[in-house]
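1. Dropping the sequence and predicted coords here.
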Amino acid sequence: MTILRIATRRSALALWQAEHVAARLRAAHTGLDVELLPMSTRGDEVLDTPLAAIGGKGLFLKELEYALLEGRADLAAHSLKDVPAVLEEPFALPAILERADPADAFVSNRYASLAQLPHGARVGTSSLRRQAQLRAARPDLELLDLRGNVNTRLARLDNGDYDAIILACAGLRRLGLENRITATMAAPDWLPGVGQGAIAIETRAGDEATAALLAPLHHVKTAACVRAERALNRALAGDCSVPIGAFATLEGERLHLHGLVGDASDGTLLRADAEGHAGDPEALGEHVAGMLRGQGAEALLGKGANGAQG
Ligand SMILES: NCc1[nH]cc(CCC(=O)O)c1CC(=O)O
């Protein structure tokens with residue numbers, strides 16, 4: 001009997017996602033044996049240092065990738081948002097699952113929305129993308145760092161460390177915490193992270209046997225959207241140290257991409273959007289990246305060196 005092993009981080013969200021992938025695989029292939037291989041990554045352990053200073057988003061993948069290379073696991077399930085714009089060799093992303101709620105959530109125990117926060121309120125997020133959009137909307141807010149997994153962040157909000165925090169709706173919903181979504185920060189006014197809400201499956205490049213088993217899980221429409229978003233990210237910056245937001249939608253054969261580059265220190269936001277053909281998502285991503293460069297995105301790129309994920 002074939003056994004597939006899924007390498008996964010140990011956070012509640014990562015385990016939920018890995019279990020979800022395992023269940024989808026079992027449902028698609030009767031008799032297939034699927035097991036989880038939970039592991040810790042440096043990205044989970046180092047919580048006090050800005051991510052970009054210690055290696056960026058790739059830190060969440062590295063240990064899982066070693067497990068793939070050494071054959072201890074056949075696939076890894078990731079939040080696509082945490083997958084770097086350029087994947088390491090020799091790995092591949094043969095399957096992207098259907099996207100869940102892509103929006104960010106405003107979470108507060110006292111205030112109904114961003115607009116209702118009092119002057120100078122304390123908002124927790126380590127994401128430069130979220131910080132830049134918060135600064136643009138409310139220059140008066142006090143922005144404070146907040147890392148850790150979803151439950152850790154909620155516990156710190158409940159402890160009174162912040163008046164509000166921003167989290168991804170998808171993560172809250174997957175953990176059964178949708179009741180914590182106080183308000184939705186929806187596109188195109190507020191842009192989510194590249195690939196937010198989608199789960200990506202990573203394998204060794206060239207592992208055709210595993211790729212074939214994953215084929216029924218691949219969602220072509222989600223893939224077209226996130227390919228455009230990731231192409232925009234790649235064309236502007238290779239890592240997570242720049243505040244970039246992007247969101248693509250697909251109607252028929254028309255892809256629509258909104259992109260944003262910001263400055264977390266002063267709330268500068270550059271925005272652009274365009275339409276393209278679903279058959280070439282990369283062309284659309286590069287086109288919108290070019291529009292942002294035309295507005296001066298260059299000056300913001302490379303500026304935000306204390307990068308964080310999100
Ligand atoms: N930054 C960590 C991370 N990576 C993916 C999600 C949520 C799930 C998703 O967006 O797919 C989260 C938590 C958050 O940003 O609140």
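-> Sure thing, it's come through. All values derive from a computational prediction rather than experimental measurement.

2. Check what pLDDT the nearest residue to Glu89 once chain neighbours are set aside gets.
-> Nearest residue to Glu89 in three dimensions, chain neighbours excluded: Ala205, at 7.2 Å (Cβ to Cβ, 6 or more residues apart in numbering). Yep, even glycine has a C-beta here, placed from its N, CA and C like the rest. Each residue has a pLDDT score; the one for Ala205 is 98.

3. List the contacts of Ala205.
-> Ala205 sits next to Glu89, Pro90, Phe91, Ala92 when contact means Cβ atoms under 8 Å, 6 or more residues apart in numbering.

4. Mind putting those into JSON lines with secondary structure?
-> Listed next are those as JSON lines, based on DSSP: H, G, I helix; E, B strand; the rest coil:
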{"residue": "Glu89", "secondary structure": "coil"}
{"residue": "Pro90", "secondary structure": "coil"}
{"residue": "Phe91", "secondary structure": "strand"}
{"residue": "Ala92", "secondary structure": "strand"}
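
5. remind me which residues of the stretch 51-200 of the chain are low pLDDT?
-> Along the stretch 51-200 of the chain, the model assigns pLDDT under 70 to residues 51-57.

6. how about 90 then?
-> Applying pLDDT under 90 to the stretch 51-200 of the chain flags residues 51-62, 88.

7. Format the contacts of Ala205 as TSV; extra columns: distance to the ligand.
-> Formatted as TSV, the contacts of Ala205 follow (distance: Cβ to the nearest ligand atom, whole Å):
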residue	distance to the ligand
Glu89	23
Pro90	24
Phe91	18
Ala92	20
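
8. Most neighbours of all those residues, which one?
-> Within the contacts of Ala205, most neighbours by other Cβ atoms under 10 Å means Phe91, with 19 neighbours.

9. Do a quick rundown of the helices in the chain.
-> Assigned by DSSP state H, the chain shows helices spanning 12-28, 42-45, 51-54, 62-69, 128-137, 150-158, 169-174, 208-214, 220-236, 281-294, 297-300.

10. and these as TSV, adding mean neighbour count and distance to the ligand?
-> Shown next, in TSV, are the helices of the chain (neighbours: other Cβ atoms under 10 Å; distance: least, Cβ to the nearest ligand atom, whole Å):
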stretch	mean neighbour count	distance to the ligand
helix 12-28	18	6
helix 42-45	16	9
helix 51-54	17	10
helix 62-69	18	14
helix 128-137	24	8
helix 150-158	16	6
helix 169-174	22	3
helix 208-214	16	18
helix 220-236	24	11
helix 281-294	20	19
helix 297-300	18	21
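
11. So which residue is dead centre in the protein?
-> Nearest residue to the geometric centre of the chain (Cα atoms, centre = their mean): Lys81, 1.9 Å.

12. Roughly how far does that residue sit from Arg26?
-> Separation of Lys81 from Arg26 (Cβ to Cβ, to the nearest Å): 26 Å.
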